[in-house]
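Participant: show me how the following folds:
(one chain, ligands or ions: 3)
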Amino acid sequence: MSDYIDRKGLSVHRELGRFLETRALAKTGLNYDDFWRGFADIIHELGPKNRALLEKRETIQQQVDDWHKARAGKPHDAEAYRTFLSEIGYLVPEGPDFQIETANVDPEIAEIPGPQLVVPIMNARFALNAANARWGSLYDALYGTDALGTTPKPGGYDPEHGARAIAWGRAFLDQAVQLAAGSWADVNAVSVKEGALTPALADPAQFAGHAEDRIYLKNNGLMIELRLDAETPVGQQDRAGISDIRLESAMSAIMDCEDSVAAVDAEDKVLAYSNWLGLMDRTLTEEVTKGDKTITRKLSGDIHYTAPDGTQATHKGRVLMLVRNVGHLMTNPAILDKDGQEVPEGIMDAVVTTLCAMHDLMRDDGNSVKGSIYVVKPKMHGPEEVAFADEIFTRVEALLGLPQYTVKLGIMDEERRTSANLKECIRAAKHRVAFINTGFLDRTGDEIHTSMEAGPMVRKGDMKDAAWISAYEDRNVDVGLACGLRGRAQIGKGMWAMPDRMADMLEQKIAHPEAGANCAWVPSPTAATLHATHYHRVDVLARQDEIAAQGARSTLGELLTIPVAQGVNWSDAEIRDEVENNAQGILGYVVRWVDAGIGCSKVPDIHDVGLMEDRATCRISSQALANWLHHGVVSEAEVMDAMRAMAAKVDAQNADDPSYDPMAPGYDGEAFKAACDLVFKGRAQPSGYTEPMLHAHRLAKKAQMAG
Ligand SMILES: CC(=O)SCCNC(=O)CCNC(=O)[C@H](O)C(C)(C)COP(=O)(O)OP(=O)(O)OC[C@H]1O[C@@H](n2cnc3c(N)ncnc32)[C@H](O)[C@@H]1OP(=O)(O)O
Ligand SMILES: O=CC(=O)O
Ligand SMILES: [Mg+2]
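Facilitator: Numbers count the residues shown, from 1 in each chain. Ligands and ions are numbered 1, 2, ... in the order given. Purely as a prediction, here's the structure:
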């Protein structure tokens, strides 16, 4: 029996067909024949356009490569370079000023700045946790991480460490909800009588309400909950019996079908889509076992309390959920077109994730109270590709009978051609853009790949100090504000990629709201709770006004500065350090991707700091090595030696995992081959992406496992 069923000229993998017909289409009221006919039309009409845009990427890259090759050894002529980029259509002419017109945007996006969590959608346990990460315990986040600079003594509750968390919490309250007199540190009791809070607040409007054992406070649009329970160890220790301070934490979360997952075929895509559907129709649950306890994790309910005027109030208990589709590059065997070709995965994602989200629109108290669906579209190169995404969603809305612009678009500013033409990219989706975000990780990979022929690039760690990146971050905010995103859409900043370094994050990530970002990415709910404290300290909307008043802070010329290493003489030790660090990151990530289908991992770097690795960080490491190889900074033999040595190291790091298949000493498994291909064939990969190699080797591994 064939794996595929015919549906109006599409060959649809049975698993996906079954999912769509028995689950996703059910209850939508859509006619199945009309759906498949319309889906097939979209594939056959937009598929060729998709392929043409990818060919244009290749043509432009070839022209850029040739330009650098022709000038090898000569000083870089920035003016000539810019003229050339305009001539080949890499830079497009900038049109008149305009304001975006996106309507029906939820308050979590338009009005209330706060953390944005990202989560691999294929992991239901994590995805449910992310959906519920609207609220998090500040005390748990402080107590259970390195945030306070110390860790608790082992064995039960450590009152000394707890006291430090309580003191931190009181200092936080002093700053976020100032008292009319004195400090929260000296408060001995908290109570509500006739709608008034004792102790009195400097601004009484910050008292939002109360419930049985809870007090609700508000600052910069974000809620704070004081839990009163003198019976718990913390409540006993606290002079006012406050057992916890809970914060509104992740205001939104991106359910990721892209760089944090490994989805290579129909089976994987169905898992991703069914988890998304389960979040949208609220049926997703997962058994979670910790020690000898098993609980069923499900979506949290809302919060109910009494407002100061005595009325009953409700506040959301879940984040606003967005879904990240894949970009325009990949195809997937889950559906074949009339010619037997794999369909563009981005188009398939657009149809299926929007269809699943229709289940949310059917309820009054849905994910979106405004009747919108939020799709994040990554890795687009320039305005034409954004216009294509807009066209895809217009077609999908028509197919599903949704009003045009129901789907709101998050534009990841993570490819160089998008940064350089950002104003025109936003214009191309001006009726549906709901965010722009600096995905600096992919963006760094594209920076290296685009200018591969220009020379050896600076070391990975030095990229953050390069001229292009500060121009990129500033321009993204400046252009976003000039296009009217304030109050309508998010201007977001990128991921904190050191999930265990919470003290560093507390110190450094305040830079994101200070830079005028409505949201910035965090890797975990705990990080969301801690990062939320930054939005209490910074009034982002006021910062945006200040920034807008300054006018443009950087130039296109600065953005286009190529980070080629100038006059550097790296020592042998520095080169070895750089190569081994990149090799370790690639191998540590790829072995779990290819062998276990895990798309996002915490991998220790060469200094044993656990780093969040996903396809974007892997793109940087592999492009960095490919670049140094190409320019002779290292030889192939040296890189291969490093790959082998690091494979053994990664094996040792995974020694406790009984399902782990070591790469050494054979070095002949799919994972090791994939890692080598990413490096040694890295220069030839489209835009330096890791997906083609990862998918090919994961498919081969799956076939081996099935065989
Ligand atoms: C460049 C880009 O595109 S960035 C975007 C892609 N990156 C991401 O999506 C990062 C998402 N984060 C993650 O996948 C994980 O946090 C990792 C891989 C970094 C670390 O994972 P682990 O080592 O398993 O985390 P750790 O052991 O510290 O914590 C696990 C706990 O935290 C929770 N958790 C961790 N990350 C998340 C998350 N992103 N969302 C929800 N819950 C999470 C888990 O549910 C688990 O709790 P549970 O046992 O109650 O279920
Ligand atoms: O997607 C995010 C990035 O940094 O890349
Ligand atoms: Mg990215």
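Participant: first-to-last residue distance for stretch 608-624?
Facilitator: 20 Å (Cα to Cα, to the nearest Å).
Participant: what about it, near ligand 2?
Facilitator: Yes - for stretch 608-624, a contact with ligand 2 is found by Cβ under 6 Å from any ligand atom, at A616. Using the backbone N, CA and C atoms, a C-beta is placed for each residue, glycine as well.
Participant: quick one: that stretch near ligand 3?
Facilitator: Yes - applying Cβ under 5 Å from the ion, one finds that stretch 608-624 is in contact with ligand 3 at A616.
Participant: does any bit of that stretch sit next to ligand 1?
Facilitator: Yes - Stretch 608-624 lies within reach of ligand 1 by Cβ under 6 Å from any ligand atom, at 612, 614, 616.
Participant: reformat those as CSV; add neighbour count, pLDDT and secondary structure.
Facilitator: CSV is the format used below for those (neighbours: other Cβ atoms under 10 Å; pLDDT from 0 to 100; DSSP: H, G, I helix; E, B strand; the rest coil):
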residue, neighbour count, pLDDT, secondary structure
M612, 22, 98, strand
D614, 25, 98, coil
A616, 28, 98, helix
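Participant: closest one of the residues you listed to P499?
Facilitator: M612 (5.5 Å; Cβ to Cβ).
Participant: dig out what that closest one forms beta bridges with.
Facilitator: Beta bridges link M612 to K602, judged by DSSP bridges.
Participant: still on that earlier bit, from the residues of stretch 608-624 next to ligand 1, which is closest to ligand 2?
Facilitator: Closest approach between the residues of stretch 608-624 next to ligand 1 and ligand 2, by Cβ to the nearest ligand atom: A616, at 3.6 Å.
Participant: please, which helix or strand holds the residue lying closest to that closest one once chain neighbours are set aside?
Facilitator: Closest residue in space to A616, ignoring its immediate chain neighbours: L441 at 3.8 Å, by Cβ to Cβ, 6 or more residues apart in numbering. Per DSSP states H and E: L441 is located in helix 440-450.
Participant: from the chain's centroid, how far away is that helix?
Facilitator: 16 Å (Cα atoms, centre = their mean, to the nearest Å).
Participant: next: stretch 494-511.
Facilitator: The answer for stretch 494-511 is 15 Å, by Cα atoms, centre = their mean.
Participant: ok so L279 is a strand residue?
Facilitator: No - counting by DSSP: H, G, I helix; E, B strand; the rest coil, L279 is not found in a strand; it is helix.
Participant: that one is in contact with L320, isn't it?
Facilitator: No - the pair L279 and L320 does not pass the contact test of Cβ atoms under 8 Å, sitting 11.6 Å apart.
Participant: circling back to that earlier point, burial count for the residue nearest to A616?
Facilitator: Per other Cβ atoms under 10 Å, the neighbour tally for L441 reads 23.
Participant: per-residue confidence averaged over the one helix or strand L678 maps to?
Facilitator: According to DSSP H and E, L678 maps onto helix 670-680. Mean pLDDT, computed over helix 670-680, is 98.
Participant: what sits closest to H531 if chain neighbours are left out?
Facilitator: P115 (4.4 Å).
Participant: contacting residues around that neighbour?
Facilitator: Taking Cβ atoms under 8 Å, 6 or more residues apart in numbering, we find P115 in contact with 249-251, 519-522, 527-528, 531-532, 535.
Participant: same check, this time on H536
Facilitator: Shown in contact with H536 (Cβ under 8 Å, 6+ apart): 172, 175-176, 219-220, 222, 224.
Participant: for A131, give its distance to ligand 1.
Facilitator: According to Cβ to the nearest ligand atom, to the nearest Å, A131 and ligand 1 sit 8 Å apart.
Participant: er, R134 actually
Facilitator: To ligand 1, R134 is 12 Å away according to Cβ to the nearest ligand atom.
Participant: what does A127 give?
Facilitator: Distance from A127 to ligand 1, counting by Cβ to the nearest ligand atom: 7 Å.
Participant: pLDDT at that residue, what is it?
Facilitator: 98.
Participant: make 888 the starting number, not 1.
Facilitator: Okay, using 888 as the starting number, the last item reads as A1014.
Participant: pretty sure it is touching M1167, no?
Facilitator: No - with contact defined as Cβ under 8 Å, A1014 does not count as touching M1167 (11.6 Å).
Participant: what secondary structure does the closest residue to E1232 other than its chain neighbours sit in?
Facilitator: Using Cβ to Cβ, 6+ apart and skipping residues adjacent in sequence, the residue nearest E1232 is N1219, 4.1 Å away. Recorded secondary structure, N1219: strand (three-state DSSP).
Participant: and L1060, how far is that from Y891?
Facilitator: According to Cβ to Cβ, to the nearest Å, L1060 and Y891 sit 60 Å apart.
Participant: those two: which is more packed in?
Facilitator: Set L1060 next to Y891 and count neighbours by other Cβ under 10 Å: L1060 wins out with 23 against 19.
Participant: domain assignment for the chain?
Facilitator: For the chain, the structural domains run 974-1021+1138-1446, 1024-1135, 1459-1593, going by automatic domain parsing.
Participant: doesn't L1134 fall inside a strand?
Facilitator: Yes - L1134 sits within a strand when classified using three-state DSSP.
Participant: report the secondary structure state of the residue lying closest to it once chain neighbours are set aside.
Facilitator: Leaving out its chain neighbours, the residue that sits closest to L1134 by Cβ to Cβ, 6+ apart is A1419, at 4.8 Å. Assigned by three-state DSSP, the conformation of A1419 is helix.
Participant: OK, contacts around A1419?
Facilitator: Counting by Cβ under 8 Å, 6+ apart, A1419 touches 1001-1002, 1023, 1109, 1134-1137.
Participant: give me the pLDDT value at it.
Facilitator: Per-residue pLDDT puts A1419 at 99.
Participant: that one and Q1003, how far apart?
Facilitator: Look at A1419 and Q1003: by Cβ to Cβ, they are 11 Å apart.
Participant: likewise A1150?
Facilitator: Taking Cβ to Cβ as the criterion, A1150 is separated from Q1003 by 22 Å.
Participant: kindly report the same for M1344.
Facilitator: 29 Å.
Participant: more neighbours: which of the two?
Facilitator: More crowded of M1344 and Q1003, by other Cβ under 10 Å: Q1003, with 31 against 24.
Participant: what sits against that one?
Facilitator: Residues near Q1003 by Cβ under 8 Å, 6+ apart: 1137-1141, 1377, 1379, 1406-1409.
Participant: doesn't I1485 make contact with S1546?
Facilitator: No - using Cβ under 8 Å, S1546 makes no contact with I1485, being 11.1 Å away.
Participant: which one's more surrounded, the two?
Facilitator: I1485 (17 against 7).
Participant: in which helix or strand would I find that one?
Facilitator: Using DSSP H and E, no helix or strand contains I1485.
Participant: what's the neighbour count on the nearest residue to it once chain neighbours are set aside?
Facilitator: With Cβ to Cβ, 6+ apart as the criterion, I1485 has its nearest non-adjacent residue at 4.2 Å, and that residue is R1479. R1479 sits with 22 neighbouring residues when counted by other Cβ under 10 Å.
Participant: which other helices and strands does the helix or strand harbouring I892 contact?
Facilitator: Using DSSP H and E, I892 sits within strand 891-894. Packing contacts for strand 891-894, counted by 3 or more Cβ pairs under 8 Å, 6 or more residues apart in numbering; DSSP states H and E, involve strand 897-900, helix 901-906, helix 919-957.
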